[in-house]
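# The following comprises the amino acid sequence and a computationally predicted model.
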Amino acid sequence: MCLWCAVDFDDHDGNTPRTEDVKEFTAYLRSKEIPYFALRSGSHLGYHVWIPLDPTDTFTAYKFIRQIFSESKLTNPNDVELFPKNERAATGIDLEKDLNLFIPAAWNSNIEEYYSIISKGIGVKAFPIIGDYGSGKTAFLKGYLSEYLLKKRIKPFYFENPGVRFYDLANMLLRNLGRYEFAKALWERSEVYLKDRAQTRLVPRTFDQMLSRLKTKGDRETMAHNIAKILKNEIEITDDEEIAYRLALMVVETANKPYFEYRDFIAGQKNALVPERIESKYFKCLIRAIIDIYGVDGVAFLIDEFEDVAISKRMSRTKSYEYLATLRQLIDLSMEENLWIVTAMTSEAAQTTKEMNNALWERFTHNEVTKIQLGPLSGEESKDLLIWWLNRARDNNNQKRDSLFPLPDEFIDFLESRPDIRFPRPLVKSCFIIISKAANDNINAPIPIDFIKETINRLYPHDEEMVSS
């Protein structure tokens, strides 16, 4: 249930004040008599614009805020976040908790085939998952593919709507790891080499002991240079002295700043952790560090909703360039390191990316061979999904377990005429509303098919000629 929706106008780096954008957006809201209030956020001249709602479901709030933001036709629609960010809550399925997600057998078959093709070669280790909203991209990416890759000794990192710039990914990656944890892991890998070079009593036994001994800036710089030499010459996660030193400095400064900030990853900013003009080499170093620290064979970036910030009819030339440049850098890295890149995107985003740079798209998809297109579920897959969903509310001794009850068996026959409903999210959402409405109206189970048809047609009106064709 939602009582608010909101637009977050970001100014993380302090160089993109959003005051005029907020004035333009709120003027549109006033023209439509939509109530709101605007507040300065914590990011320089960034703002949050809040819109109160009558109590409504998450799915409706998700669609509403995106519709009014699109219709406002802002001059600069970039660098914003829309809340609620997640329409999946409408299904009652939590991807963080529902580990045994329903995955159609055909999806698993595709992954097995693509993994076999890509892992045996020396080229790009990347592919897109393409499907419209509600087709199951996130469940596939986050719920299934994460577990699949872990079994292959590849550590996955999930990014939702990360931003189009390369340092956006560095920001999210290291925030995911956590500064203290990542710095501590680098120290522990370096410590053994420090002990080889000095008397044991002079080397702190723990990370916290090491930090507590660094009383002055000179102490920290000396330790940073020692760690940097080890990262470069012993552990060999980079061959660049500047990158090694920046990482080592991050380790020794953790006591003063045990967290990451967005500005830490903007090359050129004062005290940035990312050296300027060598962002790709820095990222390569991070990948090697993760592989070494976690004892895995590779790393995977699972990027969801990349197109939400990148694909827009009003996307500026700068944003278009940054989106393509980031995708190209990731693809290049995947050729040099054991880095897997999987992005979930809509059909529109895929087509737009292809039109913007066909050669890059062909590299990304191995000439269209390795792309997963999520179309409508089959009738049998739809039935299996609904049984899985209904079983979540039944104990093992329930006599109705593994059946469609309270839905009638002929419901599956009806779905054959509605391919637009045979996607995971609209299918589960429809059945949730059908069962709730039937209970409220005292409709006996199994629920009559006419009642189901009427409810679905109200939820998802359709063109008879289009569906029949």
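Nice, I can see it. Note that the coordinates shown come from a computational prediction; the quantities given were computed from them, not determined experimentally.

# tell me the strands in the stretch 51-200 of the chain, going along the chain?
80-83, 126-130, 154-160 (DSSP state E, counting those that start in this stretch).

# and if you look at the stretch 351-469 of the chain?
Counting by DSSP E, counting those that start in this stretch, the strands of the stretch 351-469 of the chain are 372-373.

# sorry, back to before: per-stretch mean pLDDT over the strands of the stretch 51-200 of the chain, give me the minimum one.
For the strands of the stretch 51-200 of the chain, mean pLDDT drops lowest on strand 80-83, to a mean of 86.

# Show me what that one is in contact with.
4, 5, 6, 7, 8, 9, 10, 65, 66, 69, 161 (C-beta atoms under 8 Å, 6 or more residues apart in numbering). (C-beta placed from N, C-alpha, C; glycine too.)

# From these, keep the buried residues only.
Among the contacts of strand 80-83, those classed as buried by neighbour count (16 or more other C-beta atoms under 10 Å) are 5, 6, 7, 8, 9, 10, 65, 66, 69, 161.

# Now, these that are in helices?
Mapping the buried ones among the contacts of strand 80-83 onto helices (DSSP state H) picks out 65, 66, 69.

# any idea which helix or strand carries residue 227?
Taking DSSP states H and E as the definition, one finds residue 227 inside helix 217-233.

# I would like the residues contacting that helix, please.
Taking C-beta under 8 Å, 6+ apart as the rule, helix 217-233 contacts 186-187, 190, 193-194, 210, 213-214, 237-241, 244-245, 247-249, 251-253.

# now swap in stretch 294-303 and tell me
125, 141-142, 145-146, 149, 152-159, 162, 169, 173, 287, 290-291, 330, 337-344.

# In PyMOL, how would I select just the buried ones from the residues you listed?
Selection of buried members from the contacts of stretch 294-303 for PyMOL, criterion 16+ other C-beta under 10 Å:
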select buried, resi 125+141+142+145+146+149+154+155+156+157+158+159+162+169+173+287+290+291+330+337+338+339+340+341+342+343+344
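
# all helices of the stretch 201-350 of the chain, in order?
207-213, 217-233, 241-252, 279-294, 307-310, 317-336, 347-356 (DSSP state H, counting those that start in this stretch).

# From the ones in helices among the buried ones among the contacts of strand 80-83, pick the one nearest residue 115.
The nearest member of these to residue 115, counting by C-beta to C-beta, is residue 66 at 34.0 Å.

# Quick check: that closest one vs residue 352, distance?
18 Å (C-beta to C-beta, to the nearest Å).

# With residue 403 instead?
43 Å.

# More neighbours: the two, which one.
residue 352 (20 against 17; other C-beta atoms under 10 Å).

# still on that earlier bit, dump the ones in helices among the buried ones among the contacts of strand 80-83 to CSV, plus pLDDT.
CSV is the format used below for these (pLDDT from 0 to 100):
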residue, pLDDT
65, 89
66, 84
69, 90
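
# Adding distance to residue 37, write the residues you listed out as CSV.
CSV is the format used below for these (distance: C-beta to C-beta, whole Å):
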residue, distance to residue 37
65, 15
66, 20
69, 17
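
# Going by distance to residue 116, which of the residues you listed wins?
Nearest to residue 116 among those: residue 66, at 38.2 Å, using C-beta to C-beta.

# Contacts only, for the closest one.
residue 82.

# how close does it get to residue 72?
In terms of C-beta to C-beta, residue 66 sits 11 Å off from residue 72.

# try residue 353
Taking C-beta to C-beta as the measure, residue 353 falls 25 Å from residue 72.

# Which one's more surrounded, the two?
residue 353 (24 against 18).

# wait, doesn't that one sit right on residue 361?
Yes. Taking C-beta atoms under 8 Å as the definition, residue 353 is a contact partner of residue 361 at 5.7 Å.

# right, so of the strands of the stretch 51-200 of the chain, which gets closest to residue 441?
Judged by C-beta to C-beta, the one of the strands of the stretch 51-200 of the chain that comes nearest to residue 441 is strand 80-83, at 33.0 Å.

# and the spatially closest residue to residue 370 that is not a sequence neighbour, what does it touch?
Spatial nearest neighbour of residue 370, chain neighbours left out: residue 127 (4.1 Å); criterion: C-beta to C-beta, 6 or more residues apart in numbering. The neighbourhood of residue 127, defined by C-beta under 8 Å, 6+ apart, consists of 114, 118, 341, 342, 364, 365, 366, 370, 371, 372.

# Recalculate using a threshold of 6 Å.
Neighbouring residues of residue 127 by C-beta atoms under 6 Å, 6 or more residues apart in numbering: 114, 370, 371.

# pLDDT score assigned to the closest residue to the last one other than its chain neighbours?
Leaving aside its chain neighbours, residue 371 sits nearest to residue 365 (4.6 Å; criterion: C-beta to C-beta, 6+ apart). In this model, residue 365 is scored at 91, pLDDT.

# ok, residue 365 touching residue 359?
No. Counting by C-beta atoms under 6 Å, residue 359 is not a contact partner of residue 365; they are 11.4 Å apart.

# so where is the stretch 51-200 of the chain shaky, pLDDT-wise?
55, 57, 59, 86-100, 121-122, 161-164, 166, 195-200 (pLDDT under 70).

# just the helices in it please.
58-71, 105-119, 137-138, 146-151, 166-177, 179-197.
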